[in-house]
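Engineer: next comes the sequence, and after it the predicted model I'd like to discuss.
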Amino acid sequence: MDLGILNRFLVLLVYCSLPQICAQLCRTPCFCSWIQPRCPPGVPIIVDGCGCCRICARQLGESCDRLYLCDESKELLCDYATGSNGRGTCNYNYDGGCEYNGKEYKDEEVFQPSCKFQCKCMDGGVTCTPLCSENVLLATPECPSPRRVEVPGRCCSEWICDEEQQSPVSNSLEKERSIVSQGRSQIKPLTCTEWGTQWSSCSVSCGLGVSLRVSNRHSLCRLETQVRLCMVRPCRNSPTGAACTPTVHSEHRLRYKTDDCISLREFQPTFCGLCPARHCVPYQTQTEPVAFRCRGSLTWKRIMSIISCVCY
């Protein structure tokens, strides 16, 4: 018997175990188009499910059934759970299991590859969540040099403070004070890449507030939270009917005052105007160190100096 006829007979024998499927899909004898199927590049030509005609193998996401078969060379099978009316969609042939570091895991199985992570196998992929805290401890005056260390007997590393080193805030302000006093001094270039966020908006719309940023622009070149004093405008009402002026120069000299500190020298600062139905904010600013007298001791603080404002 011819081998092709034998193959068709075996296929028909399988499908015709369900007579309704055989009657709907397969014809005897075979009736195929004399035109050779033209398949896209990379798509093979296979024999249909009846063992009769040559067709293009269905690819990932394409519809399929017992006649139009999926490309088995790419491990694709017809997934009838995603279709209806006896048709399905070509999908990869996998059991939902996962492989991680050479080990097999079942679908929905939860496992810990190490004490620092917990993972879950889901739909053939692995999702892991850390069991150790990923918080970063930024430098502060109370903890100027934080670093992470491994603790014997514990899985997760912990943050500690090196109190022996001088505060980076003190170093930075001391350098800025030297620049002001000498005039000709210049900051030495840092040995690391500078990085920092923009200064935040002033915490208050009038009066003395604070502005924050995170930066490594100091001698130790470590990230720290930096604070500067700011005053967008004094807390007083704008004259009725006054024209809107974004940038206003103070007519009087003043000293900056905090709870227990007062600046040693007077300033004639620039403020943002208070315009009817418009919001005026600093547009260009600069930061300078200023000496303060605090309960008999000398302290240096950063001050925001307004160059120009904008209203919107």
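Structural biologist: Yes, it's here.
Engineer: low-confidence stretches in the stretch 151-300 of the chain?
Structural biologist: 162-192, 218-220, 237-242 (pLDDT under 70).
Engineer: repeat that for 80
Structural biologist: Counting by pLDDT under 80, the stretch 151-300 of the chain shows low-confidence ranges at 151, 159, 161-196, 216-223, 236-243, 259, 276-277, 295-297.
Engineer: what's the answer for the stretch 1-150 of the chain, then?
Structural biologist: In the stretch 1-150 of the chain, residues with pLDDT under 80: 1-29, 81-84, 92-97, 99, 122-126, 133-146.
Engineer: what ranges do the helices span in it?
Structural biologist: In the stretch 1-150 of the chain, the segments counted as helices under DSSP state H, counting those that start in this stretch are 3-15, 19-25.
Engineer: hang on, residue 33 packs against residue 52?
Structural biologist: No: with contacts counted by CB atoms under 8 Å, residue 33 stays clear of residue 52, the gap being 11.1 Å. In this view, the C-beta of every residue, glycine as well, is placed from N, C-alpha and C.
Engineer: the two: who's more crowded?
Structural biologist: Between residue 33 and residue 52, counted using other CB atoms under 10 Å, the more crowded position is residue 52 (21 against 8).
Engineer: list the contacts of that one.
Structural biologist: 8, 26-27, 30-32 (CB atoms under 8 Å, 6 or more residues apart in numbering).
Engineer: swap the cut-off to 6 Å and go again
Structural biologist: residue 30 (CB atoms under 6 Å, 6 or more residues apart in numbering).
Engineer: and it, how far is that from residue 274?
Structural biologist: To residue 274, residue 52 is 87 Å away according to CB to CB, to the nearest Å.
Engineer: please apply the same query to residue 153.
Structural biologist: Residue 153 is 61 Å from residue 274, by CB to CB.
Engineer: those two: which is more packed in?
Structural biologist: Between residue 153 and residue 274, residue 274 has the larger neighbour count (other CB under 10 Å), namely 22 against 4.
Engineer: ok, residue 268 touching residue 253?
Structural biologist: Yes: taking CB atoms under 6 Å as the definition, residue 268 is a contact partner of residue 253 at 4.9 Å.
Engineer: who touches the spatially closest residue to residue 109 that is not a sequence neighbour in this structure?
Structural biologist: Excluding the flanking residues, the one nearest residue 109 by CB to CB, 6 or more residues apart in numbering is residue 121, at 4.8 Å. Under the criterion of CB under 6 Å, 6+ apart, the neighbours of residue 121 are 98, 105, 107, 109.
Engineer: report the beta-bridge partner residues of the closest residue to the second one other than its chain neighbours.
Structural biologist: Just to be clear, that refers to residue 105. Counting by CB to CB, 6+ apart, residue 105 lies nearest to residue 121, which is 4.2 Å off, once chain neighbours are set aside. For residue 121, the beta-bridge partners are residue 126 (DSSP bridges).
Engineer: residue 227 too?
Structural biologist: Where residue 227 sits in a bridge, its partners, by DSSP bridges, are residue 212.
Engineer: what's the burial count for it?
Structural biologist: Quick note: residue 227 (other CB under 10 Å) scores 16 neighbours.
Engineer: do residue 89 as well
Structural biologist: Residues near residue 89, counting by other CB under 10 Å: 18.
Engineer: fine by me, thanks again.
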